[in-house]
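In: Structure for this input, please:
(2 chains)
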Protein chains: 2
Amino acid sequence: MSTTAAPLPATEPLTVMGAGLVGSLLSLYLARRGHPVQVFERRADPRRAGFQEGRSINLALSDRGWRALGGVGVANDIRQVGIPMTGRVMHDVQGNLTHQPYGHEGQAIYSVNRGHLNRRLLDLAEAQTGVQLHFGQQCLGIDLKKQQLNLLDTATQQARTVPYTRLFGTDGAFSAVRGALQKTDRYDYSQDYLEYGYKELTIAAGPDGSWLLEKNALHIWPRGQYLMIALPNLDGSFNCTLFFPYEGPESFAALQTPAEVTAFFTRVFPDAVPLMPALEEEFFAHPTGSLVTIKCFPWKYDDDVLLLGDASHAIVPFYGQGMNSGFEDCSALNELLEAHGDAAWPTIFAEFQQQRKPNTDAMADLALYNFIEMRDRVADPRFLLQKKIEAKIATQFPGRWTPLYSQVTFSHTPYAEAWAAGQRQDAIMSRLMPHIQAEADFEQPAVQALVQQEMAAQA
Amino acid sequence: MSTTAAPLPATEPLTVMGAGLVGSLLSLYLARRGHPVQVFERRADPRRAGFQEGRSINLALSDRGWRALGGVGVANDIRQVGIPMTGRVMHDVQGNLTHQPYGHEGQAIYSVNRGHLNRRLLDLAEAQTGVQLHFGQQCLGIDLKKQQLNLLDTATQQARTVPYTRLFGTDGAFSAVRGALQKTDRYDYSQDYLEYGYKELTIAAGPDGSWLLEKNALHIWPRGQYLMIALPNLDGSFNCTLFFPYEGPESFAALQTPAEVTAFFTRVFPDAVPLMPALEEEFFAHPTGSLVTIKCFPWKYDDDVLLLGDASHAIVPFYGQGMNSGFEDCSALNELLEAHGDAAWPTIFAEFQQQRKPNTDAMADLALYNFIEMRDRVADPRFLLQKKIEAKIATQFPGRWTPLYSQVTFSHTPYAEAWAAGQRQDAIMSRLMPHIQAEADFEQPAVQALVQQEMAAQA
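Out: Numbering: from 1, shown residues only, chains lettered A, B, ... in the order given. The predicted structure follows:
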């Protein structure tokens, strides 16, 4: 065991490893509080020509993300380039459409381009006094005792040692910072992959950049064991993502030739295929991504290292909350800095992981739950009827019934509380729905009596 | 991606990484089938003078382990140096004793010394034609594509590359072989630590090597949130293990001085303290061990690498099944070799992981379940009454009610089946026990009617 150097003075920079969405937003938060911040990023600067995007193109920004962006004053700027999606549009195999609003009038989630958002946050971070960005810096290892990063400059291939006083690991699901923590004793860690991969495809823009599907919606082709979704882009196109088993009769393994791809899509997504001129080419050119849930604990090492975002809680994308929960990490940390002061790192790190861990665990469960809902349940008329009845209950009992989706997406209720409330609502609906065959049944005296009784029991 | 060399001829040796209990037994199995086997072990030869034991000293051998040892003809040899334990003896805080038999007349688990067992298996392996043992060989990494081990000779500090055709990873909970598999895509992995550590202590032998507690029993001091156990040694001593929280009012963190240790032990283990002359010295000299559950999947890489034992399914020690399940891996693999022939590795590897994974997952759950039972429930008179009633049901319905403990310990029923049957039995007992206040109540007509009804429903 080596001797730890004496703590550096408070004017020493904070260190952020990873300049993706969460790292760049965190750097802004920390710098605006007056801390010098040095940021290291493995990849090249995404604002340079020739940069290759590595990840999914569209993201769904919702209230938690907006609040975190608002905290550093960039929400309005981003909203200009987001497309509001007010509900889901389900496409059945005959091409029939069903609409389901996400919330009440005026509520929406926003389709935004990951690359644009990241580049905009980097512009703001770079313009911010105190922030220094360093790209092409791969973390080869961390000496937690000596508080040193071992960094490789990917351009010069020179390795060097960089000391840190506080290190924030925002380097994503395959975090090098977490990798160092994983080697410490009694470190809880899990990585769980779905048996599903994803493939990104494109629905082309119409003539003059028009949208060939309803613009202000998230489109879903639910097919029981798999699904495709599409989110709108500003140029009139949609980014589609197929979530599909790796193996089995209908799977990536079963589609080996362009002819097999087209035959399959024509059979199961007939209304989409005419809008996808590059289908065959994209299917084989684009990589198949994997879907992992990562959990770990602790999120900190002593008072020196803290993990945020996907580094500590990567989730599957089916609730659209991966980025939003990472951004909420930034605003939650900022609130703790407000509460305890900028020197109280030991308290802040400890409270941060204690407060956030149960919530991000709940969000991981919710994301898997919504996978089943999106690929299967949204195609079920009984499920859609139940959602309508829930909306009626919400109207009848203002403030006493917030649908689970709304609590997760349009509120700042901690995820764990939202999930617990959603499970109570599910239990109530499983008792009510046997008495309801159509929307109008909700007004029947017997049903109303049951509803009153259930709601009284909740009070 | 590098080119894979053509498969080597079948006379090329099989490679076993790790010469602990499972690795040495596996080597014997493979060599007796006619395969040349080269074995690499990180540590020095434990049969050399000066070797330091690194792990718990006593193990409880039960039927699965005996069958696996019997398969290579070493069961009788080991039985000579094992001490049968026919039941549990619970010690309460007043020093009162309660007996609970493990099974029926003639059934026992055996206390054996880990080091002796390992050394005996190594002697047999070394004497076996075809086996080559190499100690002091640390695995620095594995090139799965090139099928090469990178080994460091710990004596000379020389690293070298060793090719393999089939590699068996029997290198324990912190397996280097699994470490290589973990880096492949879509690898499911988890490590979960209990908030408890363990400390090994000694109850000394009496004059002339006599046993100062009942010899043929596993002794338990159940204390609700923690426990101590003791297993007999041949020399008259007992090895004690304290399972204890790391943090909290009664914890390792709370015992910092010899006086605190003695005061605590005297208060909670009063009958044991007079038998533990080295308590204070051992408490601070012996390390505090951590307790981890490891799960992963797949257990194989292509047809080249297979994990067995703790490398793929390390569990907590509370059911005494860690070694037994690892030994059962060896006999299960041998059965697949018998069924499919010694050239059918692709089939054998695939069937092995498919067959064993659900069973070792169930065993991991059972081991955690037994932690609660041993530290808490065995001190509850209602629990002990229930166990007596279960024994009566087993007698009344021969072959139709095998207690969970017996299925796990004294049978070869797959662990997953045993666990499912145990859960059904738990459900039945939760319905019966409210009608039973004493052992004699079992004979009451109303209780007998209920029992008949429950057993008919099981048929």
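
In: List, one by one, the residues from the stretch 251-400 of chain A near chain B.
Out: Contacts of the stretch 251-400 of chain A with chain B, taken as Cβ under 8 Å from any Cβ of the partner chain, map to A:290, A:292. Where C-beta positions appear, they are placed from N, C-alpha and C, glycine not excepted.

In: Where does the stretch 201-350 of chain A get nearest to chain B, which residue?
Out: Closest contact between the stretch 201-350 of chain A and chain B, by Cβ to the nearest Cβ, is at residue A:290 (5.2 Å).

In: what is residue A:300 paired to in the beta sheet?
Out: Using DSSP bridges, the beta-bridge partners of residue A:300 come out as residue A:306.

In: in chain A, which residue is closest to the centre?
Out: residue A:322 (1.8 Å; Cα atoms, centre = their mean).

In: Spatially, what comes nearest to that one if we skip its sequence neighbours?
Out: residue A:315 (5.5 Å; Cβ to Cβ, 6 or more residues apart in numbering or on different chains).

In: which ones are touching that neighbour?
Out: A:293, A:321-322, A:325, A:360, A:363-364, A:367 (Cβ atoms under 8 Å, 6 or more residues apart in numbering or on different chains).

In: Helices along the stretch 251-400 of chain A, start to end?
Out: Secondary structure of the stretch 251-400 of chain A (DSSP state H, counting those that start in this stretch): helices at A:258-268, A:279-285, A:310-313, A:322-340, A:345-375, A:381-396.

In: Out of those, which gets nearest to residue A:58?
Out: helix A:322-340 (10.7 Å; Cβ to Cβ).

In: Output the closest one as PDB, restricted to C-alpha atoms.
Out: The C-alpha trace of helix A:322-340 is given here as PDB (Å, rounded to 0.1, in the frame of the first residue of the first chain):
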ATOM      1  CA  GLY A 322     -31.200   6.300 -19.800                       C
ATOM      2  CA  MET A 323     -30.100   9.900 -20.600                       C
ATOM      3  CA  ASN A 324     -32.700  11.400 -18.400                       C
ATOM      4  CA  SER A 325     -31.600   9.500 -15.300                       C
ATOM      5  CA  GLY A 326     -28.000  10.400 -16.000                       C
ATOM      6  CA  PHE A 327     -28.900  14.100 -16.300                       C
ATOM      7  CA  GLU A 328     -30.900  13.800 -13.100                       C
ATOM      8  CA  ASP A 329     -27.700  12.500 -11.500                       C
ATOM      9  CA  CYS A 330     -26.200  15.900 -12.400                       C
ATOM     10  CA  SER A 331     -29.000  18.000 -10.900                       C
ATOM     11  CA  ALA A 332     -29.200  15.700  -7.800                       C
ATOM     12  CA  LEU A 333     -25.400  16.200  -7.200                       C
ATOM     13  CA  ASN A 334     -25.900  20.000  -7.700                       C
ATOM     14  CA  GLU A 335     -28.700  20.000  -5.100                       C
ATOM     15  CA  LEU A 336     -26.400  18.200  -2.600                       C
ATOM     16  CA  LEU A 337     -23.700  20.800  -3.300                       C
ATOM     17  CA  GLU A 338     -26.200  23.500  -2.600                       C
ATOM     18  CA  ALA A 339     -27.300  21.800   0.600                       C
ATOM     19  CA  HIS A 340     -23.900  21.000   2.100                       C
END
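
In: same for it, what does it pack against?
Out: helix A:21-32, strand A:58-61, helix A:63-70, helix A:310-313, helix A:345-375 (3 or more Cβ pairs under 8 Å, 6 or more residues apart in numbering or on different chains; DSSP states H and E).

In: I'd like to know which of those lies nearest to residue A:400.
Out: helix A:63-70 (20.0 Å).

In: Tell me which helix or strand comes right after the closest one.
Out: helix A:75-79 (DSSP states H and E).

In: Identify the residue spatially nearest to whatever residue of chain A ends up closest to chain B, adjacent ones excluded.
Out: Taking Cβ to the nearest Cβ as the measure, chain A has residue A:190 as its residue closest to chain B, at 3.5 Å. Leaving aside its chain neighbours, residue A:190 sits nearest to residue B:190 (3.5 Å; criterion: Cβ to Cβ, 6+ apart).

In: can you pull up the bridge partners for the one you found?
Out: Per DSSP bridges, the residues bridged to residue B:190 are residue A:190, residue B:295.

In: Determine the number of other residues adjacent to it.
Out: 17 (other Cβ atoms under 10 Å in any protein chain shown).

In: per-residue pLDDT, it?
Out: Here, the pLDDT recorded for residue B:190 equals 97.

In: Does it touch residue A:182 like I think?
Out: No. Under the criterion of Cβ atoms under 8 Å, residue B:190 makes no contact with residue A:182, lying 11.6 Å away.

In: Identify the contacts common to the two.
Out: residue A:189.

In: Could you identify which of the helices of the stretch 251-400 of chain A is most buried?
Out: helix A:310-313 (a mean of 27; mean count of other Cβ atoms under 10 Å in any protein chain shown).

In: Now that one: average pLDDT?
Out: pLDDT averaged over helix A:310-313 gives 98.
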